[in-house]
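1. okay, predicted coordinates and the sequence, questions at the end:
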Amino acid sequence: MGNTTRQLYPVQLSIKHPAEAILLTGYPRFALDPIAGGGKREHVWIVRYVGPAGATATISASSPSVGSDSKTITLP
């Protein structure tokens, strides 16, 4: 895509959470517009979790042009 149109791929954000968790805002997957070099963007999910302590949620960001990264957080 980038070689042909000179457009960057959007960054795909996703959150994976336990079945006991409810996503109160947004969708589990979200596409960010391209981010300029040195820039940053923020996206917020509000998650309600009622379950045993120690469960985790994983937030991932990926784009074919820049790769991917993820962060696992422990839910209270």
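-> Yes, it's here.
2. now do G38 against S70, distance only.
-> Per C-beta to C-beta, to the nearest Å, G38 is found 22 Å from S70. (Glycine included, C-beta is placed from N, CA and C.)
3. who has more neighbours, those two?
-> S70 (11 against 5; other C-beta atoms under 10 Å).
4. ok, and the closest non-adjacent residue to the more buried one?
-> Nearest in space to S70, with sequence neighbours left out and distances taken as C-beta to C-beta, 6 or more residues apart in numbering, is S60 at 4.1 Å.
5. show me where the protein has its strands.
-> All strands of the chain, identified by DSSP state E, fall at 11-16, 21-23, 29-32, 47-49, 56-63, 67-74.
6. partners of I15 in the sheet?
-> Using DSSP bridges, the bridge partners assigned to I15 are I59.
7. let me know the pLDDT of the most centrally placed residue in the chain.
-> Note on the chain: the residue nearest the mean C-alpha position is L13, at 2.7 Å, using C-alpha atoms, centre = their mean. Per-residue pLDDT puts L13 at 96.
8. any idea how far it is from S68?
-> Note on L13: its distance to S68, by C-beta to C-beta, is 11 Å.
9. list residues touching both of the two?
-> Where contact means C-beta atoms under 8 Å, 6 or more residues apart in numbering, the residues bridging L13 and S68 through contact with each are S60, A61.
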